[in-house]
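**Q** here is my input, please return the structure:
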Amino acid sequence: MLSLIDIEGLFRRRGGEMYSGEPVTQLEHALQTAALAEAEGADDELVTAALLHDLGHLVHDLGATPTLNGIDDVHQYTALPLLRRLFGPRVLGAIGLHVDAKRWLCATRADYLQALSADSVRSLALQGGVFDAEQAAAFIARPGADEAVRLRLWDDQAKTADRPTPPLSHFLQRAARCPRR
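**A** Okay, here's the model as predicted:
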């Protein structure tokens, strides 16, 4: 189990690593995603999910770009057991569903797939590919799927080098206000 202090330490230790195939670090990506959520008026839980959605990349070391080696790191699930004591189902659900949200967006928005980065396209294939119509309908009917889609859209926009954001401490303060499990 992680505490907020542990999460801060993890970002301090590993947040400077590059985000696979993108011009930002893991920490920059997390901060940008959370800042985009905040700018759209998301509440503390959804901003926290945005901040922590890729924390699973930081809890194990599979190299700089695992997809180049055909590895799906299942990051959307890796950190969930470590966060269960801290956060409730809205935070954990958005984190756990953000990969399937990508699969849904590819199935339902004609231009979405073409806009993905090369690494996102590789990971999409490893994560099961584009949903078919039945899978897409089942996904969007799940509780929290709409919030996972919002998170995914912020995730896609959070890859800009040198974009200013509030510091990690700002978002950890918001995380501390989230209802506990």
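**Q** show me where pLDDT drops low in the chain?
**A** Residue ranges of the chain with pLDDT under 70: 62-74, 76-77, 181.
**Q** show me the contacts for the residue sitting nearest the centre point of the chain.
**A** The structure's the chain has its C-alpha centroid closest to H53; by Cα atoms, centre = their mean the separation is 2.8 Å. H53 sits next to A30, T33, Q76, A94, I95, H98, L151, D155 when contact means Cβ atoms under 8 Å, 6 or more residues apart in numbering. From N, CA and C alone the C-beta is placed, and that goes for glycine too.
**Q** so of those, which ones are in helices?
**A** Counting by DSSP state H, the members of these that fall within helices are A30, T33, Q76, A94, I95, H98, L151, D155.
**Q** now these in JSON lines, with neighbour count and distance to Q135?
**A** Converted to JSON lines, the ones in helices among the contacts of H53 look like this (neighbours: other Cβ atoms under 10 Å; distance: Cβ to Cβ, whole Å):
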{"residue": "A30", "neighbour count": "27", "distance to Q135": "28"}
{"residue": "T33", "neighbour count": "29", "distance to Q135": "25"}
{"residue": "Q76", "neighbour count": "24", "distance to Q135": "16"}
{"residue": "A94", "neighbour count": "30", "distance to Q135": "19"}
{"residue": "I95", "neighbour count": "29", "distance to Q135": "20"}
{"residue": "H98", "neighbour count": "25", "distance to Q135": "16"}
{"residue": "L151", "neighbour count": "26", "distance to Q135": "19"}
{"residue": "D155", "neighbour count": "24", "distance to Q135": "20"}
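**Q** for the contacts of H53, which one is nearest R85?
**A** I95 (14.5 Å; Cβ to Cβ).
**Q** right, and the closest one touches L52 too?
**A** Yes. Using Cβ atoms under 8 Å, I95 is in contact with L52, at 6.1 Å.
**Q** in a markdown table, list the contacts of H53 along with distance to P23.
**A** Formatted as a markdown table, these follow (distance: Cβ to Cβ, whole Å):
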| residue | distance to P23 |
| --- | --- |
| A30 | 15 |
| T33 | 15 |
| Q76 | 22 |
| A94 | 25 |
| I95 | 23 |
| H98 | 21 |
| L151 | 21 |
| D155 | 15 |
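**Q** now, which of those residues sits nearest A176?
**A** Distances from A176 to the contacts of H53, taken by Cβ to Cβ, are shortest for A30, at 16.2 Å.
**Q** which one is that closest one nearest to, not counting chain neighbours?
**A** Using Cβ to Cβ, 6 or more residues apart in numbering and skipping the chain neighbours, the partner closest in space to A30 is L51 (5.3 Å).
**Q** okay then, goodbye and thanks.
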